[in-house]
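S.K.: predicted model, plus sequence, below.
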Amino acid sequence: MYKTTRHHIFALLTALIPIVANAEDSVIAKLFAHENVEGTMVIESLKTGQTFVHNDARAKQLFSPASTFKVMNTLIAVEDGVVQGEHTVFKWDGHHYSVARWNHDQTLDSAFKVSCVWCYQQIAREVGTEAYKRYLKQTDYGHLQNEFDVTTFWLEGSLKISAFEQVDFLRKLVRHQLPFNEKAYDTLQTIMLMKKTPAYSLWAKTGWAARVHPNVGWYIGYVKTAQDTWLFAMNMRLDDKAQLPLRQKLTLEVLSAKGLIGS
């Protein structure tokens, strides 16, 4: 009787202990403050699970993934046979977009790198609503509304994800723990590679949620060094598109300051 009561009291006290937020990383906070950026960043070691966090509360907030969804969308497109690989061609229909780099034929590789919305909208129409529901449920990716427009859901808020959840997704991606074939992984790895140096290789994707207010900028990805692989997800409030370069600039400054890549 005493043993049972003691266990019950212990369980009750445990339940009453508040969840402790991740400790604020002063190095990251200083860099964000220096650039006058309101945002968050999560960095995690694939090997040890060591985590650095700036702005824990915002890291848990849900935002439209915008073009960071092209990482998942590429996997889905290859798995479903909508594209055959990085050289698959998207024919431009002659419509002039505000982004000049979109106004010509694209390959999957170029479409990913210039964040060509119309290319991935072509993919979305072929994949279809039900397939997206299935894939996002299988991978536990983000939070998708029941009703959504298949060509815009990752842009306007029907799909949302947090920085912590982006890192969870990247962890499963790097470990090949998602329900996709090797061709899908290989294709994504080829087009997502942004920089390769003797010291490290960087795979990454930007995002700009321009259809929500305030706008949100993203930079997610992972860095491989000889010692470890570091996953990262940053997002920031964007009040002016002149701030867009800060997504990459600030992320690389943080990774360098934490000693994860060369300066």
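M.R.: Nice, I can see it.
S.K.: what's around the residue lying closest to Val216 once chain neighbours are set aside, how many residues?
M.R.: Nearest residue to Val216 in three dimensions, chain neighbours excluded: Ala209, at 4.1 Å (Cβ to Cβ, 6 or more residues apart in numbering). Quick note: C-beta positions are derived from backbone N, CA and C, even for glycine. Neighbourhood size, Ala209 [other Cβ atoms under 10 Å]: 24.
S.K.: so what's Ala209 up against?
M.R.: For Ala209, the contact set (Cβ atoms under 8 Å, 6 or more residues apart in numbering) comprises Phe63, Ser64, Pro65, Ala66, Leu155, Gly157, Asn215, Val216, Gly217, Trp218.
S.K.: equivalent analysis for Tyr132, please.
M.R.: Ile76, Ala124, Leu144, Val150, Phe153.
S.K.: check what pLDDT the second one gets.
M.R.: Reading off the confidence values, Ala124 has pLDDT 98.
S.K.: all strands of the stretch 51-200 of the chain, in order?
M.R.: 51-54, 89-90, 106-107, 143-144, 159-160, 193-196 (DSSP state E, counting those that start in this stretch).
S.K.: so can I have CSV of the ones you listed showing mean neighbour count?
M.R.: Shown next, in CSV, are these (neighbours: other Cβ atoms under 10 Å):
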stretch, mean neighbour count
strand 51-54, 21
strand 89-90, 18
strand 106-107, 20
strand 143-144, 14
strand 159-160, 21
strand 193-196, 13
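S.K.: which of those strands sits closest to Leu260?
M.R.: strand 51-54 (9.1 Å; Cβ to Cβ).
S.K.: and for that closest one, what's in contact with it?
M.R.: 22-25, 27-29, 32, 39-45, 59, 258.
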